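> Next comes the sequence, and after it the predicted model I'd like to discuss.
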There are 2 protein chains.
Amino acid sequence: MLQLRAPYLIFLGDIEDGTYGKTGKGLVDWCPERVAGQIRLPGCAVDLGVPDLTVAGAASTGVNSLIIGVALIGGELPQHWLAVVKEAIDAGMDIVSGMHTRLKDDPEMVKAAGRSGSRLVDVREPPDNIPVCSGIKRSGKRVLMVGTDCAVGKKYSALALSSALTDLGLKATFRATGQTGIMLAGTGIAVDAVIADFISGSAEMISPDNDDDHWDVIEGQGSLFNPGYAGVSLGLTHGSQPDALVLCHDAVRKEIDGWPGYRIPSLEECMQQNLEAARLTNENVRFAGISINTSGLPSSDREDYLQSVAAEFGLPCVDPVASGSGAIAKNIIDNF
Amino acid sequence: MLQLRAPYLIFLGDIEDGTYGKTGKGLVDWCPERVAGQIRLPGCAVDLGVPDLTVAGAASTGVNSLIIGVALIGGELPQHWLAVVKEAIDAGMDIVSGMHTRLKDDPEMVKAAGRSGSRLVDVREPPDNIPVCSGIKRSGKRVLMVGTDCAVGKKYSALALSSALTDLGLKATFRATGQTGIMLAGTGIAVDAVIADFISGSAEMISPDNDDDHWDVIEGQGSLFNPGYAGVSLGLTHGSQPDALVLCHDAVRKEIDGWPGYRIPSLEECMQQNLEAARLTNENVRFAGISINTSGLPSSDREDYLQSVAAEFGLPCVDPVASGSGAIAKNIIDNF
């Protein structure tokens, strides 16, 4: 499985809008220990609050990877960004990207990388040795994020829960199943980029055997209720063999994002179908909590909403951005 | 989407065991109108009952494709079979295979094909333009085979049902989702070979808009209860938007084949979960029948068994190998 080499130098190009720099911000927020600094071209309006470095300066202090920390419209590197990338290749750094255009398709970059020994890493590219799912029970404990839709905070919920479990003294590891998560964790597989036959097999690779008291906190993907991506979600669930599930939801979303006419399921319906699916590989699976993005609600209503959902299902219910996932972590410690 | 060019010449090599010639036999049974003949090397013990042709003879009568009609152990063409393949390439025939080793990875064959204009067709290779599933309702009617496991007769059931619907005067088309099915239909997509994000999108391509009174009869893949392949099954179900489902089952199988400890679900449980899944994209979906491989039962018990299942669920229940799928076709005509 892919292993990224820290420390990272985060390349922001000359972006003017912070929303395109989310990947870089996530790295600084969630794995500051992996980040040495940022590199910005003239005109860049985003500042991640980490040291500005040159490629040469970064290389001399042992930086191993240049991370393209920007979501690029069109998925291609702008021409005037290439000089920095080439300099980093020549300095022997790995170039790490989640772009749709693969660095490996540029023969010049491939040649330069061959000379310097740097790797051109597309984090969406799955390993080529994924086996078919075995279904054999693994040691260790696993909690998987599942959602009422895509983009309802599954990655954030997993990161917050992993961090809360560690804060409470448990052994816990965030397990990445998508490109940004992989950059954060330094390893993982983009399960939606795997050949269909190997979805659940890739999930088995992502959370291997572990100590009996260790928790893998697995980033979810898609939703059983998303007509585009439900197959990914189901295979990920089967391969993860989760002992616990966390339901992720956006409090104000009414329709599956991008599929007009497809309604967001009720929390109860979503929990029931996810339990049914997860029981195939772990019959004792239960929900450990509910993690809701309440930012769309009036701020005065958020706490009441969370409390009413908690009361309805008898489970801790948090907005992890507002107050962390400590309540779910505590439930896992006490009851799983 | 892939389009194979009939008429076919079926290459059987020098196989001695008919079980390896199932693909060829399927072609002769289900699409005799596409088959011009067979070509066999000395020592071949299998005879499909169609004319023995030479490559030159076949080419002169307009044969367009040489089909590797054999399941190869190890997935590679034996060295002493290559002369026939090369002769067919030189004669301008397409070479069609479902082997794991891709013909396109042999530079000599690629060169020869370039000269003669023949295509090297791997039927498992998906098209590269599959869109993400739209979820938009299509015109025409669809019936999808779903199963309690892999290899319980979903392809055979679909072929038999398609044929029975046509016999009763309906417009019906068998839609292939796996490699043998694609050779039979001359088109289709191996959905288990598609990138995970595009499973349901590929299913939408396989059964496009059609006349309101036309039925697509869609070959299923895997099972929601198979821990290796359930993601494929779910995506196929969502993209197919089935109006009707047919449950396929092996009367004597107790465990998921290849996954010891995973039990075959009850028919009721399997129907309920498949309905739940299919309702996401077609809320009016219902079961149209049950198609069971009873060959493992004592022959004296088979009819009683089918009748008892039919009575329990109030649905036509057939063994399509024993007596065809006319009862299910009739139910579709009368009630869908």
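Looks like it came in fine. For clarity, every value in this text was computed on a predicted model and none was experimentally measured.
> low-confidence ranges in chain A?
For chain A, the stretches flagged by pLDDT under 70 are A:73-74.
> Would you map the strands across it?
A:8-13, A:35-40, A:65-68, A:94-97, A:120-122, A:141-147, A:171-175, A:214-218, A:244-250, A:286-293, A:317-318 (DSSP state E).
> what's the longest one in contact with?
It stands for strand A:286-293. By Cβ atoms under 8 Å, 6 or more residues apart in numbering or on different chains, the surrounding residues in contact with strand A:286-293 are A:143, A:145, A:152-153, A:157, A:160-161, A:243-251, A:267, A:271, A:275, A:305-306, A:309-310, A:313, A:315-321, A:325, A:327-328, A:331-332, A:335-336. For glycine as for every other residue, the C-beta is placed from the backbone atoms N, C-alpha and C.
> do you know which of the strands of chain A lies nearest B:Gly201?
The minimum distance between B:Gly201 and the strands of chain A falls on strand A:141-147, with 20.0 Å, by Cβ to Cβ.
> wait, does the closest one contact chain B?
No - if you take Cβ under 8 Å from any Cβ of the partner chain as the test, strand A:141-147 misses chain B, and the best it gets is 13.9 Å.
> Export only the CA atoms of that strand, formatted as CSV.
Taking C-alpha atoms only, strand A:141-147 is exported to CSV below (Å, rounded to 0.1, in the frame of the first residue of the first chain):
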residue,chain,number,x,y,z
LYS,A,141,-11.6,-3.1,16.6
ARG,A,142,-13.0,-1.0,13.8
VAL,A,143,-15.4,1.9,13.6
LEU,A,144,-16.7,3.1,10.2
MET,A,145,-18.3,6.4,9.2
VAL,A,146,-21.4,6.0,7.1
GLY,A,147,-23.6,8.7,5.7
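> What strands flank it, and is each parallel or antiparallel?
Strand partners for strand A:141-147, identified by DSSP bridges, are recorded as strand A:214-218 (parallel), strand A:244-250 (parallel).
> I would like the residues contacting it, please.
For strand A:141-147, the surrounding residues in contact (Cβ under 8 Å, 6+ apart) are A:153-155, A:157-158, A:161, A:207, A:212-220, A:222-224, A:233, A:236-237, A:240-249, A:270, A:274, A:278, A:288, A:291, A:332, A:336.
> Also stretch A:41-61?
By Cβ under 8 Å, 6+ apart, the residues outside stretch A:41-61 that reach it are A:7, A:9-10, A:12-18, A:20-21, A:24-25, A:27-28, A:32, A:35-40, A:63, A:66, A:69, A:80-81, A:84, A:87-88, A:91-93.
> try 6 Å
Under the contact criterion Cβ atoms under 6 Å, 6 or more residues apart in numbering or on different chains, stretch A:41-61 has outside partners A:9, A:12-16, A:18, A:21, A:24, A:28, A:35, A:37-39, A:87-88, A:91.
> A:Val35 pairs with what?
Beta-bridge partners recorded for A:Val35 (DSSP bridges): A:Tyr8.
> Pull the number of nearby residues for it.
Here the number of neighbours of A:Val35 (other Cβ atoms under 10 Å in any protein chain shown) works out to 23.
> Surely it and A:Ala6 touch.
No - with contact taken as Cβ atoms under 6 Å, A:Val35 and A:Ala6 are classed as non-touching, separated by 7.9 Å.
> Alongside chain B, which residues does chain A contribute?
Taking Cβ under 6 Å from any Cβ of the partner chain as the measure of proximity, chain A contacts chain B at A:132-133, A:135, A:192, A:194, A:196-197, A:199-200, A:227-228, A:230-232, A:234-235, A:238, A:259, A:280-281.
> switch to 8 Å and redo it
If contact is defined as Cβ under 8 Å from any Cβ, the residues of chain A in contact with chain B are A:132-135, A:191-197, A:199-201, A:224-225, A:227-236, A:238-239, A:259, A:261-262, A:273, A:276-277, A:280-281.
> related to what we said a few turns ago, among the strands of chain A, which comes closest to B:Ile182?
Distance to B:Ile182, taken as Cβ to Cβ, is lowest for strand A:120-122 among the strands of chain A, at 30.0 Å.
> ChimeraX command to pick out the buried ones of the residues of chain A next to chain B?
Selecting the buried subset of those in ChimeraX, with 16 or more other Cβ atoms under 10 Å in any protein chain shown as the burial test, is done by:
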select /A:132,133,135,191,192,193,194,195,196,197,199,200,201,224,225,227,228,229,230,231,232,233,234,235,236,238,239,259,262,273,276,277,280,281
